[in-house]
Structure formats: structure tokens, C-alpha cells
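Participant: predicted model follows, preceded by the sequence.
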Amino acid sequence: MKKRINWIDIAKGITIILMVIGHTIPYNSLNIFIFSFHIPLFVILSGITYKMPRDKNDLKNRIKKYCKQLLMPYILTLFICTIVFTYINNDFSFLKIVKQFIKNLCWGNGCDYTLFGINFNGVSPIWFLIALFFSKIIFDIINYKFNDKSVCNNFIIYSFLALTGIMVGKFVWLPQNIDLVLIFLLYLYIGFIFNKYIKSIKKYETIIFIVCFVIWTICLGFNLYIELAVRSYPYGFLSIIESICASYSIIAICKIMEKSNVLQKIFTKIGKISLTILCIHSVEYVAFDWSTLSLNIYLIAILRVIFVLIISFIFVFIKNKILNKKLT
């Protein structure tokens, strides 16, 4: 079993909490801050733990693993969200649930959209899992078939694919987030390169942090962010650059937080179950309208985070109990 890297779990823990907050509060400075990095950072972290496929069997085993770790939770959560959605909209019947579920499976995007005259409903924040699923498979196939070791060549290719994804997304949103998958590939590669040259980066990490933090701060000053779900890329590729700089800055901060026993324990526990939190958040995102509460919006955001975390930890506790019983 691979040893977990604490600062990665801390980063996941912080980011998943910020995701819930970002889905609660209206657009303001805090929201722009959250959307400047939260999805890109998740993908970059996935790239950091990435290993090149060894052979064809390894490639097949990886796809099976992705199906188990990403696709199955996505399908199950999407099905529950579909049931909740049809019930809330007073459209509850087995046939309508099946029709809506198939429609959701075909669409896979996080927001409502009309494509070729067909109205599709957003599938809630769970869209991230299907986008990551396809991007990891494509990334594996590219690395298996075309193992170009030139960092410069690869960066140009993945940057071109990301730019293509941005341009396509401005005209049409593709089913299964395929236009976003092209952008995810660049983030995966950035994470992979970060890990590959981590020793070299460590020598200059203070300088790199200062440069990245300054770029990020300047971009935030111009209200620059990237919201992938709605294909919002202010200033185009500059939004990608900002998100990479922001992600590196957050990673550097998480490495500092790792030295605190209290912060490490809290956020690593949350980070380890970030996928469960995403699934629980996706269901309650469809089930509850938190804006109807007559409370301060920031208090609502805190209550929502606490609610999602409690339900998630209870779910994980029950699941582990059931698995332990099966093993004994």
C-alpha cells in the first residue's frame, strides 16, 4: 500500500471545503479567490501522484482502477441525484427517473445547457469525477503510445490542447466535459512534471513561490479566475497560468501547514475522504436550497460545510464497519 503524502491530503482537505463554500456564497472576492484554483489544484494533485504506464497490462489495470475509483462512485451518485431531482420536481416515477438518468449520463456536465435543441440539466458537482476519469485514461494512453521525454515538447502539446479546449468551450459545451478534459490534460502534466523535478524545484522553492504568489495576487486584483463548469476563462490562457501559479502557492502553504500537528490531523482526515465529501455534497447540492435559510450567507456556508463533513464521516465510518465485518 502506497504511503500517503500529508501535504497532498491537506491540500485536498482545504480545497474540498472551499468548494462547498464556493457553491454557497454569491460572487464576490472570496468566491473569485476560490475559483482561481480549486478545480485545477485537484487535477494537479492527481498528476503529482501519477506514474507512467509500464506496459499494456498496466494500462488495462489502470483503466479498471479508474472505473472502480472514479466511474462507479460517479454513476452511483448521479443515480441518487437523479432520484432526488425528479422527486423535488414532482416528476417522480420509475420511467421518468430512468429517462432522466440516461439523459444525465449522456450529458455529464455540471450546469444546465441546450445542445442541438435538447435541454440538459447539470449533473451537480459530481461532473468533476467523469471529467477526471476520461482525462486520466487519455493521459495514460498518450504516455503509453507517445512517450516523448522532452518537457518542452510535451508542454507545448498539452498547452495547445488546453487552448483548444478553451476555444471549443466558448462556442459549444461538449458532452462528458470533453472540452474540459483537454484542459485537464495540461494540469495532469503540470502535476507530473512538478513531482518529477521536485528536488530541483526545492532548491528554488522560495523564489518560485514568490513569483507564483505575485502573479496570482495581480490576477486576483483584476478579478481574474477560472470557472471550468461554466467555461469562464477571463483573458483566455492567462486564466490557466493564474490557476497554475495559485495551485503552486497553495501547495507551498500546505507544506508549511504540514508542520503543525493540529492542522495536519484535521485536514489530512478531511483530505483522505475528499471523494466521499464530493459525492455527499453533490447529493445535498440537488436536495437542499441553502439560500432559503434566513441567516447570514457566511454562516450558512459554515453550517453547510459542517453538515457535509458530518454526513461524510458517518458514511465512511459505516462503510468501514461493514467492510471489516465482511473480512472477519
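Facilitator: Structure's in. What do you need?

Participant: which secondary element of this structure has the worst mean pLDDT?
Facilitator: Ranking every helix and strand in the chain by mean pLDDT, DSSP states H and E puts helix 198-203 at the bottom, with a mean of 84.

Participant: buried set for stretch 55-67?
Facilitator: Buried residues in stretch 55-67, counted by 16 or more other CB atoms under 10 Å: Leu59, Arg62, Ile63, Tyr66. Any C-beta I mention is one placed from the backbone N, CA and C, and that applies to glycine too.

Participant: so what's the third one up against?
Facilitator: Contact analysis of Ile63 by CB atoms under 8 Å, 6 or more residues apart in numbering lists Ile137, Asp140.

Participant: part of a helix, is it?
Facilitator: Yes: if the criterion is DSSP: H, G, I helix; E, B strand; the rest coil, then Ile63 is within a helix.

Participant: where's the top helix by length along the chain relative to the chain centroid, distance-wise?
Facilitator: Looking across the chain with DSSP state H, the single longest helix is helix 297-327. In terms of CA atoms, centre = their mean, to the nearest Å, the gap separating the centre of helix 297-327 from the centre of its chain is 19 Å.

Participant: buried ones in it?
Facilitator: Ile300, Ala301, Arg304, Val305, Phe307, Val308, Leu309, Ile311, Ser312, Phe313, Val316.

Participant: distance of the third one relative to Gly47?
Facilitator: The gap separating Arg304 from Gly47 is 29 Å, by CB to CB, to the nearest Å.

Participant: name the nearest residue to Ile39, sequence neighbours excluded.
Facilitator: In this structure, Ile39 finds its nearest non-sequential neighbour in Leu228, 5.2 Å apart by CB to CB, 6 or more residues apart in numbering.

Participant: what count of nearby residues applies to Asn28?
Facilitator: 10 (other CB atoms under 10 Å).

Participant: what's the distance between Gly47 and Ile193?
Facilitator: Distance from Gly47 to Ile193, by CB to CB: 8 Å.

Participant: higher neighbour count, those two?
Facilitator: Gly47 (22 against 17).

Participant: could you find the closest non-adjacent residue to the more buried one?
Facilitator: In space, Gly47 is closest to Gly191, 2.2 Å off (CB to CB, 6+ apart).

Participant: and the pLDDT for that neighbour?
Facilitator: pLDDT recorded at Gly191 is 96.

Participant: correct me if wrong: it contacts Phe42.
Facilitator: No: the criterion here is CB atoms under 8 Å, and Gly191 misses it with Phe42 at 9.9 Å.

Participant: the helix or strand where Ile166 lies: which residues count as buried?
Facilitator: Applying DSSP states H and E as the criterion places Ile166 in helix 151-171. Across helix 151-171, burial judged by 16+ other CB under 10 Å covers Asn154, Ile157, Tyr158, Ser159, Leu161, Ala162, Leu163, Gly165, Ile166, Val168, Gly169.
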